[in-house]
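In: Predicted model, plus sequence, below.
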Amino acid sequence: MNRRFRPEDLLNWLSGLTMVAALYLVFLYAPREATMGDVQRIFYFHVSSAWVGFFAFFITLVSGIAYLRTRRRRWDIVALSSVEIGLTFTAMAVITGSIWAKPTWNAWWPWQQEPRLILVTILLLIYLSYLMLRAFLEGEERKARFAAVYGIVAFASVPLTFMSIRLWQRLHPVVFEREAITWPRRCWPPFSSVSSPSLSSTSHCCFIAYGWGSWGTRPKD
Amino acid sequence: MNFLNKVLTIVWKDVMAELRTKEMFSSMLVFALLLIVIFNFSFELRVDKVAQVVPGVLWVTFAFAGTLELNRSLALEMENGCLEGLFLAPMDRSVIYFGKMLGNLIFISVIEALMLPIFSVVFELNLIQPSLLITIFLGTVGFAAVGTLLSAMAVNTRAREVMLPVLLFPIILPVVISAVKVTAGILDGLPLGDLAQWLRVLIGFDIIFLVVSYMTFDYVAEG
Amino acid sequence: MIQIQGLVKSFGHTYALQGVDLEMAQGEFLTIVGPNGAGKTTLLRILATLAKPTDGLVRIDGLDLASRGNEIRRRIGFVSHQSLIYANLTAEENLRFYGRIYDVPALEERVETLLNLVGLEARRHDPARNLSRGMLQRLAIARAIIHQPTLMLLDEPYTGLDQQATEMLRQLLQTVSTESRTVIMTTHDLQRALELCDRLAILAKGRIVYQTESASLTLADLQQIYWRHAENGLTREKAQI
C-alpha cells in the first residue's frame, strides 16, 4: 500500500477512534436509566444525529452564501456534501426517534403529541427538495446558484417553522428540564450534546472528515 | 418614483393580459371549486366536526390554487421568451420581483375573495369577517413573497409544474401554520388579544420572507 | 463602439466561446455567419447582458459589461429567436409596456410612429397571438428599437419567414440600420448575410476564423470561403441559398 498520507486520513482515524469510545460509553459506561430502561440509550444516537442534521443545514447555508459571493465551485461541493450528510443524519434521527417512541409512548409516529417530529420531517423534506432541484436543473453553474438560494431561503424558513410549532404545542419530553427524565448519576447534566460528548463529537468528526474528503476528491479542474 | 412606476407597469401588464383571456382565473376557480367538493365529501360523515376542519380546508385550497397561479404566471412569461424581455430592460432585478409578486398577490387574493362566499355557504359559517380577511391577506402575502422567488427557479427546471410545490410547501409552513391557527381562533371566537400574538408572528414571517426573497432574487435572475 | 477581447464562455466543461476578439466602430453593420453550435447566439446573448462571460473583456460605448449593465441595456435592442412579445396583449399594448419599462418619453407618439414603420397600424388592437410569424417579427423589431438604441443585436431574424415576410424584414432592417446605428446580425443564410452588411465574420467552434469587408465579396466567393473555414473539423452543413 503506497498511499500517501492525506490530512483527511487523520480525521478518519480520529472519527473511528472516538466512535469506538462513544459506543463503549453508551452501551457499557452509562448506567441503565431508571424509568425507560435500556431503550433510553438510543437517545444518545438520536439527539446527536438530530444535532448533526441541523448543523449540516447551517453549513449548507454558509457555503451557499460563500458560493454566491466567490463563485468558486468548491463551496458548491461543500454545500452538496453537507446536504447529503444532513439528509443521512436526519433520517437516522427520524428512525431512532421512532424506535424510541414506540416503547415510550406506544406510537411509531406520534406527531400530534410531539411537534418536533414535524420539524425533523420538514428538514428531511427540504433536503430532498434541494436534491430534487439540483437533479432537475441543467447546467452546473445554474444548479449551484439556485441551490445556494434555496439553501438560504430554507434556512430562514426552518427556525420560523420551529417557532410556530413551539407556539402551537408544548409537549416534547424536554431534555432541558430536570423533572422529565432522571439522568443516571454518572452522566453529565441533561444537555444532550454534553451528556454524550463523545458521540456528538464523533458525529461532528465524521461530518468534517466527510466534507473534507469530498473536497479532497473534487474533480481537479 | 421610477421604481414604483415600473413595478406598477409590470402589474398592469399581468392584469391586462389576464383580463383579456381570463384563463388563469377560470382554471383557478374551477380547481378551487373541485377541491371544495372533494373536501365536502371527504368530511361529510363527520358533520359535527365541520367547523374544526374549515381552517385546514381553507388554507389547503388557497395553497393549491395559489401554486396553480404562480406556475401560470411564470409560464406566461416563458411563452415567447418574455422573461428575457424583462431582463433586457434597464432596471433593477428587484423591480421584476416586486412586479411579479404584486401581480401574484392580486390574483390569488381575488380568487380567495371569490371562494370565501362559496366556502361560507358550503360550510354554513360566516367567513366574511374583517379579522379573517386580514389574516387571509397576510398569509397570502407570505405565500406570494416566497412563491414568486421559487417559481422563478422552478420554471427553469425540467419538471416545471411539480417542482414548485416540492420547493414551496416545506418553506411556506410557518406562514400556513400561523394562518391556520389564527383562522381557527377567529372561527372559535377567541378574543382579539390572543390572536394578536399570532398576527404579529404572521406579519414578522411575511417581512422575513419578503426580505430574503427580494435579496436573493438577483441571483436567480442572472444569465 | 464595441470592444471584445478574449471573450470566453463555458458551460461546465463545454466551451461555447473560446476567445473571441472583435472591434466595431459606430454605425457599422456586421454580419456573423457560422454553423450551428458555433456560438453565435451565445455571443449575442452576452452582448445583450443576458448571459455572463466566463472570461474576457467586453466594452460597449466605453462601458464595461460586467459593472455597467443597466446603462448598457439602455443602448441595446435585441431581437432573438423568440419574439419577446406577450401573446395575450395587443400589438399596441406590447409596445406601450416596453416603452414604459424603458422610460421612453412621449410614448404615445413613439408607439404610433413605430406601428406605422413596421406596417402594423391596422393590426394594433389585435392580440399578438393572432399575428403571423412575419408580423410578430416586425413587432419584435419595433419593440427592440422603441428606446432608440445605438446598438442592435439580431439573432437569426430571418428564421421561419416566408419570401414576402423576408423581403419586408430586409427593407425594415435597411431603414433601421441607416440611422447611424451599430448592428450585429447573425444568420445562416449567406445571401441575406451579404445584403446589408459592411463587414462579415465567420464564427466557428467559438472562435472568429475569418473577417472581411464585404463590399467586394460575391456570394460565390463567400460560399467558398465559408466551406473552407467552417468546415474545419466540423460535419458539413448546408448553407441556405
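Out: Alright, I've got the coordinates.

In: in chain C, what residue is nearest chain B?
Out: C:Gln82 (3.3 Å; C-beta to the nearest C-beta). Heads up, the C-betas are built off the backbone N, CA and C, glycines and all.

In: okay, now that residue: neighbour count?
Out: Neighbour count of C:Gln82, defined by other C-beta atoms under 10 Å in any protein chain shown: 17.

In: again, but for C:Trp227
Out: Look at C:Trp227: counted by other C-beta under 10 Å, it has 12 neighbours.

In: same thing with A:Trp75?
Out: The tally of other residues near A:Trp75 (other C-beta under 10 Å) stands at 21.

In: Report whether the host helix or strand of C:Gly19 contacts chain B.
Out: If you go by DSSP states H and E, C:Gly19 is part of strand C:14-24. No - residues of strand C:14-24 are not located near chain B by C-beta under 8 Å from any C-beta of the partner chain, the shortest gap being 12.1 Å.

In: Stretch A:157-165 too?
Out: Yes - counting by C-beta under 8 Å from any C-beta, chain B is contacted by stretch A:157-165 at A:157, A:160-161, A:163-165.

In: got a list of contacts for that stretch?
Out: For stretch A:157-165, contacts defined as C-beta atoms under 8 Å, 6 or more residues apart in numbering or on different chains pick out A:57, A:115-116, A:118-119, A:122-123, A:126, B:146, B:170-174, B:177-178, B:181, B:201, B:205, B:208-209.

In: list the helices and strands the host helix or strand of C:Asn116 packs on?
Out: Per DSSP H and E, C:Asn116 falls inside helix C:107-117. Secondary structure elements in contact with helix C:107-117, counted by 3 or more C-beta pairs under 8 Å, 6 or more residues apart in numbering or on different chains; DSSP states H and E, are helix C:91-101, helix C:133-145.

In: Let me know whether the first one sits next to chain B.
Out: Yes - if you take C-beta under 8 Å from any C-beta as the test, helix C:91-101 does meet chain B, through C:93, C:97-98, C:100-101.

In: Based on its surroundings, how many neighbours for C:Gln164?
Out: Residues near C:Gln164, counting by other C-beta under 10 Å: 9.

In: what's the closest non-adjacent residue to the residue most central in space within chain C?
Out: Ranked by distance to the mean C-alpha position of chain C (C-alpha atoms, centre = their mean), the top residue is C:Leu154 at 1.2 Å. Distances taken as C-beta to C-beta, 6 or more residues apart in numbering or on different chains place C:Met185 nearest to C:Leu154, at 4.2 Å, with adjacent residues excluded.

In: A:Ser82 - how many residues pack around it?
Out: 26.

In: measure it to chain B for me?
Out: 17 Å (C-beta to the nearest C-beta, to the nearest Å).

In: from what I can see that residue touches A:Ile59, true?
Out: Yes - shown here, A:Ser82 and A:Ile59 form a contact pair, counting by C-beta atoms under 8 Å, at 4.2 Å.

In: Can you give me the pLDDT of residue 206?
Out: Assuming you mean chain A. On pLDDT, A:Cys206 comes in at 53.

In: wait, I meant chain C there
Out: For C:Gly206, the model assigns a pLDDT of 83.

In: wouldn't it be in contact with C:Thr14 here?
Out: No - using C-beta under 8 Å, C:Gly206 is not in contact with C:Thr14, being 9.4 Å away.

In: More neighbours: which of those two?
Out: When neighbours are counted by other C-beta under 10 Å, C:Gly206 and C:Thr14 differ, and C:Gly206 comes out ahead with 23 against 9.

In: Next up, the contacts around the closest residue in space to B:Leu164 that isn't next to it in sequence.
Out: Distances taken as C-beta to C-beta, 6+ apart place B:Ala154 nearest to B:Leu164, at 4.1 Å, with adjacent residues excluded. Contacts of B:Ala154 were listed using C-beta under 8 Å, 6+ apart, and they are B:71, B:74, B:160, B:163-164, B:167.

In: Which of these fall in helices?
Out: Among the contacts of B:Ala154, DSSP state H puts B:71, B:74, B:160, B:163-164, B:167 in helices.

In: Go through the residues you listed and single out the one with the most neighbours.
Out: The most crowded member of those, judged by other C-beta under 10 Å, is B:Leu167 (27 neighbours).

In: Now do the contacts for that residue.
Out: B:Leu167 touches A:129, A:133, A:150, B:150, B:153-154, counting by C-beta under 8 Å, 6+ apart.

In: what's the closest of those to C:Ala165?
Out: Checking these against C:Ala165 by C-beta to C-beta gives B:Ala154 as the nearest, at 35.8 Å.

In: ok, residues contacting stretch B:186-199?
Out: With C-beta under 8 Å, 6+ apart, stretch B:186-199 has contacts from A:167, B:51, B:54-55, B:125, B:129, B:131-132, B:134-135, B:138, B:178, B:181-182, B:185.

In: let's see it at 6 Å
Out: B:131-132, B:178, B:181-182, B:185 (C-beta atoms under 6 Å, 6 or more residues apart in numbering or on different chains).

In: Adding secondary structure, write these out as JSON lines.
Out: Below are the contacts of stretch B:186-199 laid out as JSON lines (DSSP: H, G, I helix; E, B strand; the rest coil):
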{"residue": "B:Ser131", "secondary structure": "helix"}
{"residue": "B:Leu132", "secondary structure": "helix"}
{"residue": "B:Ser178", "secondary structure": "helix"}
{"residue": "B:Lys181", "secondary structure": "helix"}
{"residue": "B:Val182", "secondary structure": "helix"}
{"residue": "B:Gly185", "secondary structure": "helix"}
